[in-house]
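A.B. asks: Attaching a predicted model along with its sequence, questions to come.
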Amino acid sequence: MTVQLTPLHPLFAAEVSGIDLRQTPGPALCDEIHRAMDRYAVLVFRDQQLDDDQQMAFGAALGPLEQTRGVVDVHKQRLKHQQMADISNIDLDGKLLGADDRRRMFNLGNQLWHSDSSFKATPAKYSMLHARVIPPEGGDTEFADMRAAWDALPAKMQAKIRDMVTEHSLIFSRGQLGFTEYTEQERRDFAPVPQRLVRWHPGSQRHSIYLSSHIGRIVGWPVPEAMALIRQLLEHATQRQFVYAHHWRQWDLVVWDNRSTMHRARPYEDHTYPRDMRRVTLTDVAPTLEQQMAA
């Protein structure tokens with residue numbers, strides 16, 4: 001099997017053909033996928049009728065998997081693999097989550113622009129989201145290229161933000177939607193972590209802006225001033241020329257690089273239609289403050 005790529009956007013994102021991921025890729029094919037990820041940051045694999053074990057095996061072939069999930073009511077796990085994130089509106093009994101279920105309220109935060117697991121000390125590398133059941137309309141996922149967003153910043157702004165450190169937490173992102181009720185354990189689990197605001201992506205040899213709705217502070221700045229700047233950067237980075245919108249088909253597997261993209265879910269009628277999406281996530285090599293800033 002060899003990787004055949006069709007670009008989906010002028011800046012990034014490509015569709016992959018010629019690969020059946022039910023067969024776990026070997027080292028040579030994994031290297032090809034990594035090179036494609038370095039170039040495109042978002043890869044779409046169509047018609048991948050994977051089960052959970054096959055999806056987990058594909059993730060593990062590309063790198064170490066995240067072992068924990070950033071969710072509330074973590075004990076209510078519908079899927080058999082603890083490392084697999086359940087990005088759905090389906091309860092343990094197979095019915096739709098209730099309108100007032102706190103898991104549904106918490107998951108509405110996925111509609112904010114974010115980078116997966118930026119709220120963890122060592123954040124995510126790749127995310128791999130697989131569409132098992134999709135609604136008849138809505139529920140797209142949008143991706144923004146943070147490398148292109150960095151390149152388009154004026155030099156003065158690049159210099160201003162280059163060495164900034166931000167603090168990320170799920171409490172910050174969900175607070176934007178008015179979700180504030182946590183257990184004491186959840187508050188400990190979601191304690192803020194520091195991350196660089198500007199990252200160096202070694203595979204593409206490019207800088208990117210490490211933005212996310214999980215940001216709640218810039219270290220050393222007053223919070224209102226910090227959040228005004230973050231809002232300004234978010235608006236810049238999510239201009240339409242930087243965004244690819246993915247319209248899901250059943251059995252799509254989309255892989256994206258959290259080091260160089262942001263994404264958000266789009267709304268759908270979740271009171272009416274099930275949406276069963278399952279995510280495997282690779283962990284990065286180290287906290288961003290310990291990573292190299294340039295070649």
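C.D. replies: Okay, I see it. What you are looking at is a predicted structure, and each value in this text was computed from that prediction instead of being measured. Residues are numbered from 1 along each chain as shown.
A.B. asks: Let me see the ranges of the helices in the stretch 1-150 of the chain.
C.D. replies: Across the stretch 1-150 of the chain, reading from the start of the chain, the helices by DSSP state H, counting those that start in this stretch fall at 27-40, 52-62, 102-107, 146-151.
A.B. asks: Next, the buried residues of the third one.
C.D. replies: Within helix 102-107, the residues scored as buried using 16 or more other Cβ atoms under 10 Å are 103-107. C-beta here means a position set from N, CA and C on the backbone, and glycine is covered the same way.
A.B. asks: just to revisit the earlier point, same list, the helices of the stretch 1-150 of the chain, but as JSON lines with distance to Pro7 and mean pLDDT please.
C.D. replies: Formatted as JSON lines, those follow (distance: least, Cβ to Cβ, whole Å; pLDDT from 0 to 100):
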{"stretch": "helix 27-40", "distance to Pro7": "7", "mean pLDDT": "97"}
{"stretch": "helix 52-62", "distance to Pro7": "21", "mean pLDDT": "98"}
{"stretch": "helix 102-107", "distance to Pro7": "31", "mean pLDDT": "93"}
{"stretch": "helix 146-151", "distance to Pro7": "14", "mean pLDDT": "98"}
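A.B. asks: and among those, the most buried is which?
C.D. replies: Mean neighbour counts were taken over the helices of the stretch 1-150 of the chain using mean count of other Cβ atoms under 10 Å, and the top value, a mean of 24, falls to helix 146-151.
A.B. asks: wait, doesn't Arg249 sit right on Ala131?
C.D. replies: Yes: at 6.9 Å, Arg249 counts as touching Ala131 under the criterion of Cβ atoms under 8 Å.
A.B. asks: Which one of the two is surrounded by more residues?
C.D. replies: Between Arg249 and Ala131, counted using other Cβ atoms under 10 Å, Ala131 has the larger neighbour count: 21 against 11.
A.B. asks: Which pLDDT value goes with the more buried one?
C.D. replies: On the pLDDT scale, Ala131 is placed at 98.
A.B. asks: Gln77 contacts Ser88, doesn't it?
C.D. replies: No: the pair Gln77 and Ser88 fails to qualify as a contact (Cβ under 8 Å) at a distance of 11.8 Å.
A.B. asks: in this structure, what residue sits furthest out from the centroid?
C.D. replies: No residue in the chain sits farther from the centre than Lys156, which is 28.5 Å out by Cα atoms, centre = their mean.
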